[in-house]
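Chemist: here is my input; please provide its structure:
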Amino acid sequence: MRYADGMAGVDEIRAERLKKVEALRAAGMDPYPSESFRSHKLAEVRAQFDYFVKGGQILIVAGRIMSLRGQGGIAFADLYDGTEKFQVVIKKEDVGDVAFSLFEATIDASDFVEVTGTAFTTNRGEKSLLASKWRILTKSLRPIPDQWFGLKDEDERYRKRYLDFLLNPVSRNIVEKRAKFWSAVRRFHEDHGFLEVQTPVLEVTTGGADANPFVTHHGTLDIDVNLRISAGELWQKRLMVAGFPKVFEVGRIFRNEGMSAEHAQDYEQCEAYWAYADFFNMYTFLRECYQYVAQETFGTLKFNIHGFEVDLSGEWPTIDYTEIIKEKQGIDIWRATEQELWEKTKKLFPSNTTYSSDSTSKGRMVDLLWKQCRKEIVGPVILINEPVFTSPLAKARKDNPQLTERFHFIIAGSEVGQGYSELNDPLEQRTRFVAQQKLRDAGDMEAQMADMEFVEALEYGMPPTAGHGFSERLLSFLLDIPIRESQLFPLMRVRDEQGEGKSKETKVAVAVVQKSGMESWQVLNATAHLAAELGIREGKKLLYQDAIATADGGRIPLNMQHAIVMKESEGSDALRALLTEAQKRKVQVAAFTREMLETTNDKKVIEKTEVKNLSDVEFLGVLIFGQKSVVEDMTKDFQRYS
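Modeler: All right, here's what the predicted structure looks like:
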């Protein structure tokens, strides 16, 4: 009898177990039956063990064999059914020679079996079930790792999280805490009269946050759509217009941004909106929600988070946005010039190439200063008095229109929730959207898109409303683990056939340049600029500006290293069509226009381009970079440059 797979390789073990599958079938036992006749969970057997021993009832239990050992005509198996681990004992004299021999020959650790028997205590005092018969429920083809050592490699743990949860009680506890957490969130909102709703995940115009969205294509409608970056903020506000007094949503949101211990690209978020309430009502409600959820999930309001001792009980003090920046950074955001703000930002983030003095807005710089300040705040505290220029959806304060009725909850140096009195003045909302869109067009891809359909909804009238939002970051903080660890199945890079986490298909770059009317130096100049643009942009945002907007809403990628194949085009129209197709198919693309040839001053290029329609721009070259099959298909009609 083989009770352990020893040092055999996975392929060898799998081949041996496949033979056992056939042996079970040959013996008339289905290795993958659809039904189980289990009468009791293992937790029930343990809890009522003395009662079952005394009564002598016939019990039917089932579970995965976590460990298996034998001695002559007896086998011991530890079963686990998700509720408890419990020992079953299979003796040849009780199940019969044939059944015992089949068990010996075909059953391994990690198989699922069903055992019928009675409760008894072994000579060593182990509470057990003595089998009278057994049958297979699922024959496993791969062995689970040793339960005492589990999965030590972090990458392997995330890729095979099902084994991590099976073998690691700490990881399994995360799943259970996560369920309790969101159940308590829903219960608290429902108990306070909020109606749970579900709003669209696919949006033509994203809204409700400063974030870069994931973009995909809707085949039936033939339109590009974004995965939402908030839990339906602008949709839920439409429900306020519709007359619903209190609504909330718990759902998945997606942000195409960096990964860190506190940031994931897709995660769970709760947002709620409350008519006839203001931000003070909302932060009082949300503080009580946090306290309730923490108590229900963890049984305490005291936590150690990132080395900070945090107590969520009682009232939470408020701190002022402007004053805390002045205190921590020594700069008054109202009096400082943009150049002074930039110099301070550059000093704090000297190695960050995402920002520049030309493209980084005042709001973004002030936000960066604040984020540096909050790292030292233990909390919980409530941050208030945030400026209007960093809060495009919040209502301004009556006593100071430069400030908003917005709050943030700060715990252990990070923001773990926010809310505000919602802006319901459609004219003001339109003005702020236009300002945000200009920032976006200038290269700030986290600035908000202008949703004029939402503005139209506001014109029908939305009552005074307060809203809030918080994500599973709060859960990861209370667990004191990285957010990636708190997710059941975090996104992983795809492995190739060698097991490496990288793309399977070669990427290529093809530059198509206009031949007619171009001198040799101009062709080389265009190609060099396209190559440089690719080198800068590959895998990151542009240092200065992502694109130029034309008068009719077209977008021309600005100047971005891979070997480049050169092809030729007889005119600008074909290049424009190639650019449009590349943007539609989401292939990385660079462009070179007549304006870029005539001057190296980016601002002049922008000024000359933004007054033209896309059809009026003369393209001298377009470069596309992506999977080889896609790029070759898109450029198959262009000839090699001669």
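Chemist: where does pLDDT dip in the stretch 451-600 of the chain?
Modeler: Applying pLDDT under 70 to the stretch 451-600 of the chain flags residues 496-506, 532-564, 586.
Chemist: quick one: the strands in it, in order.
Modeler: For the stretch 451-600 of the chain, the strands defined by DSSP state E, counting those that start in this stretch cover 465-471, 507-514, 547-549, 555-557, 564-569, 588-593.
Chemist: and those as a markdown table, adding distance to Ala277 and mean neighbour count?
Modeler: For the C-beta atoms, the positions are set from N, CA and C on the backbone; glycine is no exception. Output for those, formatted as a markdown table (distance: least, C-beta to C-beta, whole Å; neighbours: other C-beta atoms under 10 Å):
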| stretch | distance to Ala277 | mean neighbour count |
| --- | --- | --- |
| strand 465-471 | 4 | 23 |
| strand 507-514 | 52 | 22 |
| strand 547-549 | 39 | 21 |
| strand 555-557 | 40 | 22 |
| strand 564-569 | 58 | 19 |
| strand 588-593 | 46 | 26 |
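Chemist: just give me the neighbour total for Gln487.
Modeler: Gln487 has 20 neighbouring residues, counting by other C-beta atoms under 10 Å.
Chemist: er, Leu286 actually
Modeler: When neighbours are defined as other C-beta under 10 Å, Leu286 has 24 of them.
Chemist: for it, give me its contacts.
Modeler: 409, 417, 419, 468, 470 (C-beta atoms under 8 Å, 6 or more residues apart in numbering).
Chemist: how near is it to Arg186?
Modeler: Distance of Leu286 to Arg186, given as C-beta to C-beta, to the nearest Å: 14 Å.
Chemist: next: Trp370.
Modeler: Per C-beta to C-beta, Trp370 is found 31 Å from Arg186.
Chemist: looking at these two, which has the bigger crowd around it?
Modeler: Trp370 (22 against 16).
Chemist: JSON lines please, covering the strands of the stretch 451-600 of the chain and showing distance to Arg432.
Modeler: Compiled in JSON lines, those are given as follows (distance: least, C-beta to C-beta, whole Å):
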{"stretch": "strand 465-471", "distance to Arg432": "16"}
{"stretch": "strand 507-514", "distance to Arg432": "40"}
{"stretch": "strand 547-549", "distance to Arg432": "19"}
{"stretch": "strand 555-557", "distance to Arg432": "22"}
{"stretch": "strand 564-569", "distance to Arg432": "42"}
{"stretch": "strand 588-593", "distance to Arg432": "31"}
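Chemist: now stretch 190-201: buried residues?
Modeler: Of the residues in stretch 190-201, 194, 197, 199 count as buried by neighbour count, 16 or more other C-beta atoms under 10 Å.
Chemist: before we move on, what about stretch 373-383?
Modeler: Buried-residue list, stretch 373-383, by 16+ other C-beta under 10 Å: 373-374, 377-383.
Chemist: farthest-separated two in the residues you listed?
Modeler: For the buried residues of stretch 373-383, the maximum inter-member distance is 16.0 Å, found between Cys373 and Pro380 (C-beta to C-beta).
Chemist: and the residue nearest to Met518 when sequence neighbours are not counted, how many residues sit next to it?
Modeler: Among residues not flanking Met518 along the chain, Leu620 sits closest, at 6.8 Å (C-beta to C-beta, 6 or more residues apart in numbering). By other C-beta under 10 Å, the residues close to Leu620 number 25.
Chemist: which pLDDT value belongs to Leu620?
Modeler: Note for Leu620: predicted pLDDT of 87.
Chemist: looks to me like it is in a strand.
Modeler: Yes: applying DSSP: H, G, I helix; E, B strand; the rest coil, one finds Leu620 inside a strand.
Chemist: dump the residue contacts of it.
Modeler: Contacts of Leu620 (C-beta under 8 Å, 6+ apart): 513-514, 518, 522, 526, 572, 575, 592-594, 596-597.
Chemist: 10 Å - rerun?
Modeler: 513-514, 517-518, 522-523, 525-527, 529-530, 569, 572, 575, 591-597 (C-beta atoms under 10 Å, 6 or more residues apart in numbering).
Chemist: filter those residues down to the buried ones.
Modeler: Looks like those have 513-514, 518, 522-523, 525-527, 529-530, 569, 572, 575, 591-597 buried, using 16+ other C-beta under 10 Å.
Chemist: what helices or strands is the longest helix anywhere in the chain leaning on?
Modeler: Secondary structure assigned by DSSP state H gives helix 169-191 as the longest helix of the chain. Helices and strands touching helix 169-191, as assessed by 3 or more C-beta pairs under 10 Å, 6 or more residues apart in numbering; DSSP states H and E, comprise helix 161-167, strand 195-196, strand 246-254, strand 266-275, helix 279-298, helix 473-479, helix 483-486.
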